[in-house]
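>>> sequence first, predicted coordinates after that:
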Amino acid sequence: MTENGPLKEIDSFSVLRDRAFWVAAAAKIACSFYFASDYLRALFLPFIDTFIRSGFANPWEEFSRRGEIHAFPYSSVMLAIVSTPQAIASLFLPQSLIQLESVRLALARLPLFAADLTVLWVLCQWFPTKKDKVVHFYWLSPILFFITYLHGQLDSVPTALLFLSLYFLFIERFTLAGFILGLGLATKFHLVMAAGFLFVYFWTKFPPQVRLRKLVQFFLPASLTAAALVLPFLASHGYRTMVLETREMARLTAFAISIGNEVKLYAAPFAIMIVLLRFAACKRVGRDSLILFLALSYCALVLLVPPMPGWYYWSIPLICYFYIRQDSVNEVSYWIVNLIYLAYYGWFWDSRLTPNSDVSGLGSFFFTCLQGSLATVMFWIYRLGIKGTNDHSPERIPTLIGIAGDSGAGKDTFVHGLRQLLGVSNSLQTNGDDYHRWERGDKSLKEFTHLDPRANKLLLPVEHAMQLKSGQSIEKSIYNHDEGRFTDRYLFKPKPFIFFVGLHSLYIRKMRQLMDLRIFLEPDEALRVEWKIQRDREQRGYSTEQVLQQIESRRLDAEKFIKPQRAYADWLVKMQRGADGKLSVAHSVRNDLPLEDLVSALKEIDTLKIKWPLESDLEHQKLEVQGDLSSEQTRDIAHRVVGDGFEIAGLKKVQWSGGFEGVAQLLFLLFLREIRESQ
């Protein structure tokens, strides 16, 4: 996804400098003192008061005995959260002040405002270059404003816990994510739906050898937390009546289709099951797919139940994610839902849960329009967010990258920059030297150099590439350059990204076919000699004379066996040092790789000189780069040009590079996007 306009650096505090943020925040705080429906005034506040005055005794029993069974249909954690500000304030503020309804309304709203900020923060973390859109769609949403600060529903709290759990899930803090989800489940039980999608996410995303461990890391703390906070109350008749047997629960089955005289088909559970099974059919999953399928499921729920104003809070932040993420959809459809919602629930809805009788016919018309507009949004989420684009998370089938080049061409340095982007734990590097046929000193090396394919077991890496791509582990030795000997055999497990790096990575035809991306490095000969002398002297203990002698003895083999591999590369990287001593890099790639936005962004960096010629062979284009690029500039360009580019690699925390490695990271992300879209 590409954003147009001038390049902007990511500003961690840009939201705090947004006037719209502060205006909306002030409006939310002000309304917290004065506006509330009968839900908050007549039901929730008395329940909270009783809970605090009783010394935190079980209030569900008391209200159940009174016959006020609709007073608080939430579980234990919700009660603890919304009552905490008033309980603390009562220790320090005069009771005359606490007794003011406006003060109690505001105190009850404090956790809701904190939850609101939490969702805002999570969205800003997911979209660091789109914080203006986060404020525009989420923070300024009329629906969310109405539900929390005018109507007085509490649904922002479980929504915030869900978003926070997802945030930690996507950075693979599974135990913490599970614990937070457990808190959410003990707040409101509609998050059980999300748990089902999360199970499918784990099952699809992770390979069998680690799947069970990941599931346990997440779902065990989630289950234990929820059980510890809910089970003690199940013995309470009042709790069961007011929380588990509510009229809200009955709404799930209110819309049913009779099949014969014996059974009914419940529309809402039926639709949710279809969405869940469609999600389970995905070949690969990631942040986008999980959140968008959750959006569809909660939309389907409110679409097929009788009117409930607070339930829209479950889906609207997820819908906001779609509109923030997707630049190609017209936002008018989003605002139509918001406006019709305000018209229906602001005018036609009675807080006593019944439509106003004198306008019920017109109210039904507006409700029909509201649900129709919501269904339209669901269509766009599925069409553009799910079906129309491929998810950018890594598939279980690893991506194989072959990198070839002569000795001293900078292959390890180049790979290091890419693995910094992907994460070392997310990638595997296997080196061509490990497939040498002979150890140092073997008499056969008097006849062959290591550049000669016959001095290497070149069919073995083909076998290893096939095994790794199919999800199998491999065993191989490592060539120790210090001793010139092979180590014992080690076990290597497949990773989402696997690099085959060496002299002959693109030599064997089958190996080239297995590679998803083929790269050849070809520095200027003087530069290569300089690099090789430096490396072999510092890391391998050779003298300059020995290195020069080795280069000369291998020159014919390099021309015959190494350099011809560049003809098979998807990406040819040429490097030379200019007269000023600075490195100049030319990247030759096929001419259908979309470079326009990247070139435009790089040209805006004053410290870079950029050329973008097209090759006369009608096959390739060249990107020539000279100058300095900071890691921060690499990061900012990635977010702008490739959208949330690091997500293509399924990344959680990215370490961006500067200089020519940074440019290589940007091109690599473009190639990864092409690979994902072609799968």
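Structure received.
>>> shaky segments in the stretch 501-650 of the chain?
Applying pLDDT under 70 to the stretch 501-650 of the chain picks out residues 643-650.
>>> go with 80
539-541, 578-581, 642-650 (pLDDT under 80).
>>> tell me the pLDDT at the residue lying closest to residue 309 once chain neighbours are set aside?
Sequence neighbours aside, residue 345 is the residue nearest to residue 309 in space, at 4.7 Å (criterion: Cβ to Cβ, 6 or more residues apart in numbering). All C-beta atoms are positioned from the backbone trio N, CA, C, and that covers glycine. If you check residue 345, the pLDDT there is 91.
>>> list the buried residues in the helix or strand residue 555 falls within.
In this assignment (DSSP states H and E), residue 555 forms part of helix 544-557. Neighbour-count burial for helix 544-557 flags 547, 550, 551, 554, 557 (criterion: 16 or more other Cβ atoms under 10 Å).
>>> tell me what that helix is packed against?
helix 525-540 (3 or more Cβ pairs under 8 Å, 6 or more residues apart in numbering; DSSP states H and E).
>>> who's in contact with the helix it packs on?
Helix 525-540 is contacted from outside by 406-410, 481-482, 523, 542-544, 546-548, 550-551, 575-577, using Cβ atoms under 8 Å, 6 or more residues apart in numbering.
>>> tilt between that helix and helix 544-557?
With axes from the mean of the first three to the mean of the last three Cα atoms, to 10 degrees applied, the angle from helix 525-540 to helix 544-557 works out at 130 degrees.
>>> please export the C-alpha coordinates of helix 525-540 as PDB.
Extracted in PDB, the C-alpha atoms of helix 525-540 (Å, rounded to 0.1, in the frame of the first residue of the first chain):
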ATOM      1  CA  GLU A 525      36.900  -5.900  -8.800                       C
ATOM      2  CA  ALA A 526      39.100  -3.500  -7.000                       C
ATOM      3  CA  LEU A 527      36.500  -3.200  -4.300                       C
ATOM      4  CA  ARG A 528      36.100  -6.900  -4.000                       C
ATOM      5  CA  VAL A 529      39.800  -7.400  -3.700                       C
ATOM      6  CA  GLU A 530      39.900  -4.700  -1.000                       C
ATOM      7  CA  TRP A 531      37.100  -6.400   0.900                       C
ATOM      8  CA  LYS A 532      38.500  -9.900   0.500                       C
ATOM      9  CA  ILE A 533      42.000  -8.900   1.800                       C
ATOM     10  CA  GLN A 534      40.400  -7.200   4.800                       C
ATOM     11  CA  ARG A 535      38.200 -10.200   5.700                       C
ATOM     12  CA  ASP A 536      40.800 -12.900   5.100                       C
ATOM     13  CA  ARG A 537      43.400 -11.000   7.100                       C
ATOM     14  CA  GLU A 538      41.200 -10.200  10.000                       C
ATOM     15  CA  GLN A 539      39.000 -13.300  10.200                       C
ATOM     16  CA  ARG A 540      41.000 -16.100   8.600                       C
END
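>>> so what's the gap between it and the chain middle?
Offset of helix 525-540 from its chain centre (Cα atoms, centre = their mean, to the nearest Å): 41 Å.
>>> kindly export the helix holding residue 555 (C-alpha atoms) in CSV.
The C-alpha coordinates for helix 544-557 follow below in CSV (Å, rounded to 0.1, in the frame of the first residue of the first chain):
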residue,chain,number,x,y,z
THR,A,544,47.9,-10.0,2.0
GLU,A,545,50.3,-11.9,-0.3
GLN,A,546,48.4,-15.2,0.3
VAL,A,547,45.1,-13.5,-0.4
LEU,A,548,46.3,-12.0,-3.7
GLN,A,549,47.8,-15.3,-4.7
GLN,A,550,44.5,-17.1,-4.0
ILE,A,551,42.5,-14.5,-6.0
GLU,A,552,44.8,-15.0,-9.0
SER,A,553,44.6,-18.8,-8.8
ARG,A,554,40.8,-18.6,-8.8
ARG,A,555,40.4,-16.0,-11.5
LEU,A,556,39.6,-18.4,-14.4
ASP,A,557,37.2,-20.4,-12.2
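>>> downstream of that helix, the next helix or strand is which one?
Using DSSP H and E, the helix or strand that directly follows helix 544-557 along the chain is strand 571-577.
>>> partners of that following strand in the sheet?
Sheet pairing for strand 571-577, assigned by DSSP bridges, gives strand 517-523 (parallel), strand 583-590 (antiparallel).
>>> and residue 216, how far from residue 179?
Taking Cβ to Cβ, to the nearest Å as the measure, residue 216 and residue 179 are separated by 13 Å.
>>> residue ranges with poor pLDDT in the stretch 101-250 of the chain?
Residues of the stretch 101-250 of the chain meeting the criterion pLDDT under 80: 128-129, 207, 246-250.
>>> how close does residue 517 get to residue 235?
Residue 517 is 60 Å from residue 235, by Cβ to Cβ.
>>> quick one, which of these two is more surrounded?
Legend: neighbour count by other Cβ atoms under 10 Å for residue 517 and residue 235, higher for residue 517 (20 against 9).
>>> tell me the centre residue of this structure?
Residue closest to the average C-alpha location in the chain (Cα atoms, centre = their mean): residue 287, at 3.8 Å.
>>> wait, a helix at residue 164?
Yes. Judged by DSSP: H, G, I helix; E, B strand; the rest coil, residue 164 forms part of a helix.
>>> isn't it right next to residue 118, touching?
Yes. Assessed by Cβ atoms under 8 Å, residue 164 is found in contact with residue 118 at 6.0 Å.
>>> the two: who's more crowded?
Remark: of residue 164 and residue 118, residue 164 carries more neighbours, 21 against 18, as counted by other Cβ under 10 Å.
>>> who's the closest spatial neighbour of that one, skipping the chain neighbours?
residue 180 (5.2 Å).
>>> residues touching that neighbour, list them.
When contacts are counted by Cβ under 8 Å, 6+ apart, residue 180 touches 161, 164, 165, 168.
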